[in-house]
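Chemist: have a look at this prediction, sequence included:
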Amino acid sequence: MPTLEIINSKFTNQAGEWALLYYSRGQAAKSLEEIEHLNLSGRGITYLKDLALLDRLSNLKRLDLTDHPELFMCIEKKEALEF
């Protein structure tokens, strides 16, 4: 399934606007600009290949990125994990 955006509750490298809207479905947002709260905790945000989508979240007030330790590690720790 080469166009699958989410698998096992995590983003794939094909994830885009639809996937972000899916995780904001409780807000009835029809566009990224309408999203106010977004929980991406443990969703594999590092798999997103186009982070420019996040620029469109102009009304975003709260973003949950917990369970993404790789975003908060120094380069040495990341390299140690990869090794």
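Modeler: Looks like it came in fine. Numbering: from 1, shown residues only.

Chemist: could you report the pLDDT at the nearest residue in space to residue 45 that is not next to it in sequence?
Modeler: Once flanking residues are discounted, residue 45 sits nearest to residue 68: 6.0 Å by C-beta to C-beta, 6 or more residues apart in numbering. C-beta: built from backbone N, CA, C; applies to glycine. Note on residue 68: pLDDT of 73.

Chemist: likewise for residue 46?
Modeler: Per-residue confidence (pLDDT) for residue 46: 82.

Chemist: what residues does the lowest-mean-pLDDT helix or strand in the chain touch?
Modeler: Counting by mean pLDDT, DSSP states H and E, the chain has its least confident helix or strand at helix 75-82, which shows a mean of 74. Applying C-beta atoms under 8 Å, 6 or more residues apart in numbering, the external contacts of helix 75-82 come out as 70, 73.

Chemist: test my guess that the residue nearest to residue 45 contacts residue 39.
Modeler: No - using C-beta atoms under 8 Å, residue 68 is not in contact with residue 39; the gap is 11.7 Å.

Chemist: what separates the most centrally placed residue in the chain from residue 4, distance-wise?
Modeler: The residue lying closest to the centre of the chain (C-alpha atoms, centre = their mean) is residue 45, at 3.8 Å. Separation of residue 45 from residue 4 (C-beta to C-beta, to the nearest Å): 17 Å.

Chemist: and the gap between residue 32 and residue 20?
Modeler: For residue 32 relative to residue 20 (C-beta to C-beta), the value is 6 Å.

Chemist: and the helices in the chain?
Modeler: With DSSP state H applied, the chain shows helices at 17-23, 75-82, listed in chain order.

Chemist: returning to what we had before: let me see the contact set for the residue nearest to the centre of the chain.
Modeler: Taking C-beta under 8 Å, 6+ apart as the test, what residue 45 contacts is 11, 65, 68, 71.

Chemist: so which of these sit within strands?
Modeler: When DSSP state E defines the strands, the subset of these inside them is residue 11.

Chemist: can I get the contacts of residue 45 in JSON lines including neighbour count and distance to residue 51?
Modeler: Converted to JSON lines, the contacts of residue 45 look like this (neighbours: other C-beta atoms under 10 Å; distance: C-beta to C-beta, whole Å):
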{"residue": "11", "neighbour count": "21", "distance to residue 51": "11"}
{"residue": "65", "neighbour count": "14", "distance to residue 51": "12"}
{"residue": "68", "neighbour count": "16", "distance to residue 51": "13"}
{"residue": "71", "neighbour count": "11", "distance to residue 51": "12"}
